[in-house]
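> Sequence isn't available, so here's the structure alone:
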């Protein structure tokens, strides 16, 4: 295996971006996650393959799902996790990213970081001799998207031939979804207002994957008309609070509601990476109706990340 499989030149398994990985590697991560989930469901336990090992968790942004899922994953695998707040580490201010990476490498067995700048993750991976995981940056959210694929595969039985329609802001989640769809062969449709689309350079990069099937529109109904999955995210991400009033006006036609769902095939499911602002980007009836798989999707953050840690720390 080489660097495109997620392995650094030193042989450690970094998980930084979807397009930095080859499909067999991503398939393996899903398979390990599925196996560990089934084992836990049937026995209430997992093998302690990370016994005596510690995960450093760096947070520049708060999170419910990211912190709890990684911490519980380490507990299930017999290890421990340490939550590190922005004030405790001061990445790039109190202490440089390379220095922090080297220090944590001496204390811990793996590093997970949820940051604003994507380059912070890149530097952590470069200067750490322990595996590094991107738990979210302003550019990408690969753990979320892999948990999404796990959920979609559980629901439909396969990823082959499916169409995913993303409705809303062309943000980090949308970008990672596009990349994952390119790698796994799903058709990707996005409806976003003018000025909030995915960057053409990112679309061009994804188009280098053979078979990439992509369409961008401004009309949400056009995006979902052949969709198996309707997906949305918040319209105002952390760090965009000063744009909130403007975004609320622009994105109002992009709400996931009963009317939009009715424009999709009768079997289409609804997904949201959470937190959801009910009554804004998604209504209560869309979140809670029979074909919403939002909370299965949230639970699978635990199972995918457990599988990832089992590969990074347990040799799976």
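On my side now, so go ahead. Everything numeric here is computed off the predicted structure, so don't read it as measured data. Residues are numbered from 1 along each chain as shown.
> Report the rounded mean pLDDT for stretch 105-113.
In this model, stretch 105-113 carries a mean pLDDT of 98.
> Can you give me the buried ones in stretch 54-66?
54, 55, 56, 57, 58, 59, 60, 61, 63, 65, 66 (16 or more other CB atoms under 10 Å). (C-beta placed from N, C-alpha, C; glycine too.)
> those helices in the stretch 101-250 of the chain, which residues are they?
Ranges of helices in the stretch 101-250 of the chain, per DSSP state H, counting those that start in this stretch, are 118-127, 142-156, 172-184, 200-206, 220-224, 244-251.
> Please work out which of the ones you listed is packed deepest.
Each of those was scored by mean neighbour count; the highest is helix 172-184, a mean of 25, by mean count of other CB atoms under 10 Å.
> Turn the helices of the stretch 101-250 of the chain into TSV, columns for mean pLDDT.
Converted to TSV, the helices of the stretch 101-250 of the chain look like this (pLDDT from 0 to 100):
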stretch	mean pLDDT
helix 118-127	97
helix 142-156	98
helix 172-184	98
helix 200-206	97
helix 220-224	98
helix 244-251	91
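> would you turn these into JSON lines with distance to residue 193?
Shown next, in JSON lines, are the helices of the stretch 101-250 of the chain (distance: least, CB to CB, whole Å):
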{"stretch": "helix 118-127", "distance to residue 193": "24"}
{"stretch": "helix 142-156", "distance to residue 193": "22"}
{"stretch": "helix 172-184", "distance to residue 193": "13"}
{"stretch": "helix 200-206", "distance to residue 193": "16"}
{"stretch": "helix 220-224", "distance to residue 193": "10"}
{"stretch": "helix 244-251", "distance to residue 193": "5"}
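> so which of those gets nearest residue 78?
helix 142-156 (20.6 Å; CB to CB).
> The closest one versus helix 172-184: what angle between them?
Per axes from the mean of the first three to the mean of the last three CA atoms, to 10 degrees, the angle that helix 142-156 makes with helix 172-184 is 60 degrees.
> distance between helix 142-156 and the chain's centre?
9 Å (CA atoms, centre = their mean, to the nearest Å).
> ditto for stretch 201-217
Offset of stretch 201-217 from its chain centre (CA atoms, centre = their mean): 19 Å.
> With stretch 93-104 instead?
25 Å.
> which other residues reach it?
With contact meaning CB atoms under 8 Å, 6 or more residues apart in numbering, stretch 93-104 is reached by 56, 58, 89, 91, 111, 120, 123-124, 126-128, 130, 132.
> Is it possible to get TSV of the residues you listed that adds distance to residue 175?
TSV is the format used below for these (distance: CB to CB, whole Å):
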residue	distance to residue 175
56	26
58	21
89	26
91	22
111	23
120	17
123	20
124	20
126	21
127	25
128	24
130	26
132	19
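> how about those, which pair is most distant?
89 and 126, at 17.3 Å, using CB to CB across the contacts of stretch 93-104.
> re earlier: nearest to residue 209, of the contacts of stretch 93-104?
For the contacts of stretch 93-104, the closest approach to residue 209 (CB to CB) belongs to residue 132, at 23.8 Å.
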